[in-house]
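# Build me a model from this:
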Amino acid sequence: MLKNASVDKCLSRALTFKWFQRFKGGRNSADVGPRCGRPSISRNNDPVKRVRELSRANRQFTVCEISAEVGICYGTRQAILTDDLTLRRVSAKFFPRVLTTEQKEHHLSVATYLLKEAEVDQKFITGDEIWVYSYCLETKGFFLANHDMPVVQQPPYSPDMAPCDFWLFSKLKMALKGKRFYDIDTIKENTTKHLRSIPKHSFQKCFQQRHSRWNKSVV
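Numbers count the residues shown, from 1 in each chain. So this is what the prediction gives:
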């Protein structure tokens, strides 16, 4: 009956019975009565206005950053965005990290060093790791130290300088995407298989791009 009378909005069956019992018990108004305790001030016009201004000024603001800026808790900020401002998350986007001055200087010094070394010796061993470790960290460290092999640390937040980051890992992940492996041996077998399927000229092109990326970092 309620659905026939109200096409757009209608109370649920449980809520209808709940209000029926309230009116049957003597209640004669559907208005919210006075409550005990202090009134909520975190969702009045001023916080809502501040959250709206911050969200429009910088779309990269996180929930925690806006909460700290306005002085409200995480849940209230979420309620303001979704209920008061009727905003919603459409898609997650990655934004480039803004490097500090020290990180930029480190980035420049490493790129300059690598370019100079490449003019003298073209033999570079480059590597990285994801969650599948194919070696023991201590064994690798002892090996490099015993053979007097200089180690150049990659600057932080600089995936454009290492071939594993800007080329190899994404290529392997796309090939293994959607497959489930139940043990380490199976992971190694499939990873090795896809590594060997990559043609030689692709690796050569990758190393050429590495030098051009170093030059861009210096220029």
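# and the residue in the chain sticking out farthest from the centre, helix, strand or coil?
In the chain, the residue that sits farthest from the middle, by C-alpha atoms, centre = their mean, is residue 26; the gap is 54.3 Å. Secondary structure for residue 26, judged by DSSP: H, G, I helix; E, B strand; the rest coil, is coil.
# number of nearby residues for residue 28?
Using other C-beta atoms under 10 Å, the number of residues around residue 28 comes to 6. For glycine as for every other residue, the C-beta is placed from the backbone atoms N, C-alpha and C.
# actually residue 111, not the one I typed
Applying other C-beta under 10 Å, we find 21 residues neighbouring residue 111.
# wait, what's in contact with it?
161, 214-215, 217-218 (C-beta atoms under 8 Å, 6 or more residues apart in numbering).
# Which strand or helix spans it?
Using DSSP states H and E, residue 111 maps to helix 101-120.
# CA atoms of that helix as CSV?
Extracted C-alpha coordinates of helix 101-120, given in CSV (Å, rounded to 0.1, in the frame of the first residue of the first chain):
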residue,chain,number,x,y,z
THR,A,101,65.5,19.4,-2.8
GLU,A,102,67.9,16.7,-1.3
GLN,A,103,66.2,14.0,-3.3
LYS,A,104,66.6,16.0,-6.5
GLU,A,105,70.3,16.6,-5.8
HIS,A,106,70.8,12.9,-5.1
HIS,A,107,69.0,12.0,-8.3
LEU,A,108,71.2,14.4,-10.3
SER,A,109,74.5,13.1,-8.7
VAL,A,110,73.6,9.5,-9.3
ALA,A,111,72.7,10.1,-13.0
THR,A,112,75.9,12.1,-13.5
TYR,A,113,78.0,9.4,-12.0
LEU,A,114,76.4,6.6,-14.1
LEU,A,115,76.9,8.6,-17.3
LYS,A,116,80.6,9.1,-16.6
GLU,A,117,81.1,5.5,-15.6
ALA,A,118,79.3,4.3,-18.8
GLU,A,119,81.8,6.2,-20.9
VAL,A,120,84.6,4.2,-19.3
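# Check the contacts of residue 111 for burial and list the buried ones.
By neighbour count, with 16 or more other C-beta atoms under 10 Å, the contacts of residue 111 hold 161, 214, 217 as buried.
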